[in-house]
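K.L.:
Quick one: sequence plus predicted model below, questions after.
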Amino acid sequence: LAKVQESSDLATMHYVRQGDPRGLGHAVLCAAPHVGHEPFAVLLGDDLIDPRDPLLQRMIEVQEQHGGSVIALMEVAPEQIHLYGCAAVEATAEGDVVRISGLVEKPDPADAPSNYAIIGRYVLDPHVFDILRKTEPGRGGEIQLTDALQQLADDERAGGPVHGVVFQGRRYDTGDRGDYLRAIVRLACEREDLGPDFRTWLRSYVAEEMQQS
């Protein structure tokens with residue numbers, strides 16, 4: 001019971017339904033009445049970041065240092081960049097921090113400005129709400145958060161700049177069924193309470209499958 005209640009004791013929870021699937025930008029805009037005029041974090045539920053690799057804490061530090069908004073980036077293989085928003089970047093004096101000069105939502109690999117993919121963590125300046133209210137549907141007929149962040153990157157007076165934190169830690173993508181299953185197996189293997197027995201069973205199961213094939 002204590003474990004069940006723990007999450008509700010972390011903070012005061014507000015629940016908002018998006019209603020229609022009009023894109024990530026629209027989903028973020030739905031939270032505007034609960035955010036007010038403070039910087040805020042967006043954590044996408046299908047992107048799991050291992051708590052041993054503190055990404056969000058680093059992003060908050062960068063936002064407090066530079067202002068504006070901060071997005072999480074991760075290098076991916078060039079042939080995978082079409083699955084993500086992609087960032088054009090400029091180096092800074094900090095090795096894990098880049099300045100964002102451009103953003104493209106799910107580009108063709110031939111047109112991608114880099115292999116830096118946007119992953120599901122954002123620390124956003126509240127001015128993004130003003131831009132999202134005026135943002136027309138973009139790729140896929142949806143209101144893209146990427147398009148609003150591009151405007152912030154283009155005009156610092158609108159609430160920029162936009163920086164990126166390049167993440168090199170453990171990330172589990174559950175965006176499709178295969179990745180979801182792989183994430184479950186990895187996480188189960190690493191748990192102290194489940195891992196030993198689960199790994200033993202998994203080795204046995206894989207050995208049997210190999211024999212049958």
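P.N.:
Nice, thanks for sending it over.
K.L.:
for the helix or strand that contains residue 203, what is the average pLDDT?
P.N.:
With elements taken from DSSP states H and E, the one containing residue 203 is helix 195-212. Confidence over helix 195-212 (mean pLDDT, whole number) is 93.
K.L.:
For the chain, which segments count as helices?
P.N.:
Assigned helices in the chain, in chain order: 2-9, 24-30, 32-35, 55-66, 128-134, 145-154, 177-190, 195-212 (criterion: DSSP state H).
K.L.:
quick one, which of those helices is nearest to residue 120?
P.N.:
Minimum separation from residue 120 across the helices of the chain (CB to CB) falls at helix 24-30, 9.3 Å. In short, each C-beta sits where N, CA and C put it, glycine included.
K.L.:
That closest one - what's its average pLDDT?
P.N.:
For helix 24-30, the mean per-residue pLDDT is 95.
K.L.:
Likewise for stretch 142-152?
P.N.:
For stretch 142-152, mean pLDDT is 91.
K.L.:
who touches it?
P.N.:
21-26, 28-29, 42, 68-69, 71, 85, 100, 102-105, 118, 122, 125, 127-128, 131-132, 135-138, 158-162 (CB atoms under 8 Å, 6 or more residues apart in numbering).
K.L.:
Give me the subset of those lying in strands.
P.N.:
42, 69, 71, 85, 100, 102-105, 118, 122, 162 (DSSP state E).
K.L.:
And the chain, what are its domain boundaries?
P.N.:
Split into domains by automatic domain parsing, the chain comes to 2-172, 174-213.
K.L.:
Throw the ones you listed into JSON lines and include mean neighbour count, thanks.
P.N.:
What follows is the domains of the chain, written out as JSON lines (neighbours: other CB atoms under 10 Å):
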{"stretch": "domain 2-172", "mean neighbour count": "16"}
{"stretch": "domain 174-213", "mean neighbour count": "11"}
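K.L.:
Using a markdown table, lay out the ones in strands among the contacts of stretch 142-152 together with distance to residue 189 and pLDDT.
P.N.:
Shown next, in a markdown table, are the ones in strands among the contacts of stretch 142-152 (distance: CB to CB, whole Å; pLDDT from 0 to 100):
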| residue | distance to residue 189 | pLDDT |
| --- | --- | --- |
| 42 | 29 | 97 |
| 69 | 36 | 97 |
| 71 | 30 | 98 |
| 85 | 30 | 89 |
| 100 | 35 | 96 |
| 102 | 39 | 92 |
| 103 | 35 | 91 |
| 104 | 36 | 88 |
| 105 | 34 | 86 |
| 118 | 28 | 95 |
| 122 | 30 | 98 |
| 162 | 37 | 96 |
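K.L.:
what two of these have the greatest distance between them?
P.N.:
42 and 102 (20.1 Å).
K.L.:
Dig out what residue 100 forms beta bridges with.
P.N.:
Beta-bridge partners recorded for residue 100 (DSSP bridges): residue 89.
K.L.:
quick one, what contacts it?
P.N.:
71, 87-90, 149, 153, 161-164.
K.L.:
let's see it at 7 Å
P.N.:
Listed by CB atoms under 7 Å, 6 or more residues apart in numbering, the contact partners of residue 100 are 71, 87, 89, 153, 162-164.
K.L.:
Over to residue 40?
P.N.:
Contact analysis of residue 40 by CB under 7 Å, 6+ apart lists 124, 126.
K.L.:
Having no further points to raise, I will conclude here.
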